[in-house]
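Student: Take a look and give me a structure for this.
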Amino acid sequence: METDSPRSPEAAIGHRVEDLWEIAQPQLSPSEKLNSCFEDIPVASFPRAHPSQVIEIPSDASLADTVETLSKNKILSAPIRNVDAPEDASWIDKYIGIVEFAGIAMWLLHQTDASPNGTAGSAVGSPVANLAARLGSFTFRRTSSGRVETTTDSESDEAASVGGSFFETLTSSEFYKNTKVGDISGSFRWAPFLALQTSDTFLTMLLLLSKYRMKSLPVVDMGGDHIENIITQSSVVHMLAECAGLPWFESWGTKKLCDLGLPLMKPYKLVKVNEDQPVLKAFQLMREKGVGGLPVMDTSGTKAIGNISIRDVQYLLAAPKIYKQCIHRTIAAKDFLTAVRHHLQEQHEASPFLHDVITCKRDDAIKDIILKLDSVKIHRIYVVDDKGNAEGVITLRDIISKLVHEPRHYFGDFFDGVVPLPANSTV
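Tutor: Have a look, this model is predicted:
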């Protein structure tokens, strides 16, 4: 192949895949060839995240400070550093878990359960909603010693319809300001988070980010004391976008969505919220269905007018103007969309929130979807028919899942120990 200089570190990975593609065993299918290529590339080769993206949250930081840090750095999650760990501690002792906007949203929803009449009240000691029960891999701790109890109470529409006064009371409360992020951190049974070693392969990384639903993966040296890199679904899709034009990518990327079995979800199973429903209903549905975002539909229920993702809870917690605009009434999804857009325009802040809903059709090529998602920096795109009616959604995870497949017994019994703990466990 030609040896033109790659235009970026991500493109260099693509050229490496191309080299491996050309020498792969000819009897392999295209899918097997891709698996083989990615199995031969170590994770240490993945381009390093910008230093601003490798953010650590001290375990004694308040929820308020944590929300501000995540929002300011435009990241969805961050590792929590144990402030009591010695300086020479290994990474497995230095960190106590991961904090995500998803986890903070779960905590927020629990507060609305505890106070359905719209006042934060005194929630100290209340069990924090167990994210593991919804998303499948984390266990939460209560503010006192020991692990929290799990709650199975479903959220009521009354809880979902709390108004702006609730958020003003909540975010100004001592509970919100003083609750430590270490008290609601998510962790695996045997480690603070699921980490890749630098010697692991791209195939392992891609499978974890797709089939096993990891949104981000810290990269460590087993005996090291810090995180070497953080690889996200977004950074992988950006890498793929940088591979456009390479023969191996074009042979896969020119396939139509429908030929790849996308969207994965049937139209009637699309998780959505009506424009007049309370915005908290959207966050509740994300928790119940285990999704990271959903469309806001018009009154007909067929066309999307906006998108709300789990990270957008930041605007309810860190932008007082938004909830104050709706202080005497329920915050409807459409009002939330309008308020956030006004806020971003006033702050002169670029955001996908300011764009119209990004859509595609079933006969579009997956390459075009990758380029569109990467250019706009969004995590999902909605599939529509010729009339503009929503038929499904394609996420970053869906795209990665179509790039590789899991060989039989690839992980062995590895994930047998990564199941949520029972509520009464003290392990």
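Student: now residue 202, nearest residue through space, not along the chain?
Tutor: By the measure of CB to CB, 6 or more residues apart in numbering, the closest residue to residue 202 outside its immediate chain neighbours is residue 38, 4.0 Å from it. Quick note: C-beta positions are derived from backbone N, CA and C, even for glycine.
Student: Need the three-state assignment for the one you found.
Tutor: The assignment at residue 38 comes out as helix when based on DSSP: H, G, I helix; E, B strand; the rest coil.
Student: Give me the pLDDT for it.
Tutor: If you check residue 38, the pLDDT there is 97.
Student: now swap in residue 352 and tell me
Tutor: Residue 352 is assigned a pLDDT of 82 by the prediction.
Student: where exactly do the strands run in the stretch 151-300 of the chain?
Tutor: 196-197, 216-220, 227-232, 273-274, 293-297 (DSSP state E, counting those that start in this stretch).
Student: strands paired with the first one, and their directions?
Tutor: Right, the one you point to is strand 196-197. When pairing is defined by DSSP bridges, strand 196-197 lines up against strand 216-220 (parallel).
Student: which residues sit against the strand it pairs with?
Tutor: The contact list for strand 216-220, computed with CB atoms under 8 Å, 6 or more residues apart in numbering, reads 43-44, 46, 76-77, 79, 91, 193-198, 205, 208-209, 226-233.
Student: Going through these, which ones are buried?
Tutor: Among the contacts of strand 216-220, those buried by neighbour count (16 or more other CB atoms under 10 Å) are 43, 46, 76-77, 79, 91, 193-196, 198, 205, 208-209, 227-233.
Student: buried set for stretch 50-68?
Tutor: For stretch 50-68, the neighbour count (16+ other CB under 10 Å) marks 53, 54, 55, 57, 59, 61, 62, 63, 64, 66, 67 as buried.
Student: So which residues make contact with it?
Tutor: Contact partners of stretch 50-68, identified using CB under 8 Å, 6+ apart, comprise 69-70, 73, 75, 78-84, 95-96, 99, 104, 107, 171, 176-182, 184-185, 227, 229-230, 314, 317-318.
Student: can you check stretch 403-413 too?
Tutor: Contacts with stretch 403-413, where a contact means CB under 8 Å, 6+ apart, come from 31, 34, 35, 38, 203, 206, 207, 210, 211, 240, 252.
Student: tell me the average confidence for that stretch?
Tutor: Here the average pLDDT along stretch 403-413 is 89.
Student: Restrict it to CA atoms and write it as PDB.
Tutor: Written as PDB, here are the backbone C-alpha positions of stretch 403-413 (Å, rounded to 0.1, in the frame of the first residue of the first chain):
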ATOM      1  CA  LEU A 403     -17.300  -3.500  13.600                       C
ATOM      2  CA  VAL A 404     -16.200  -6.600  15.600                       C
ATOM      3  CA  HIS A 405     -17.700  -9.700  17.100                       C
ATOM      4  CA  GLU A 406     -16.800 -11.700  20.200                       C
ATOM      5  CA  PRO A 407     -15.100 -15.000  19.500                       C
ATOM      6  CA  ARG A 408     -16.400 -18.000  21.400                       C
ATOM      7  CA  HIS A 409     -15.100 -18.100  25.000                       C
ATOM      8  CA  TYR A 410     -13.100 -14.900  24.400                       C
ATOM      9  CA  PHE A 411     -13.500 -13.600  27.900                       C
ATOM     10  CA  GLY A 412     -14.000 -17.000  29.500                       C
ATOM     11  CA  ASP A 413     -15.600 -16.600  33.000                       C
END
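Student: How far does it sit from its chain's centre?
Tutor: On the basis of CA atoms, centre = their mean, to the nearest Å, stretch 403-413 sits 22 Å off its chain's mean C-alpha point.
Student: Show the end-to-end separation of stretch 238-249, please.
Tutor: Criterion CA to CA, to the nearest Å; first-to-last residue distance in stretch 238-249 is 13 Å.
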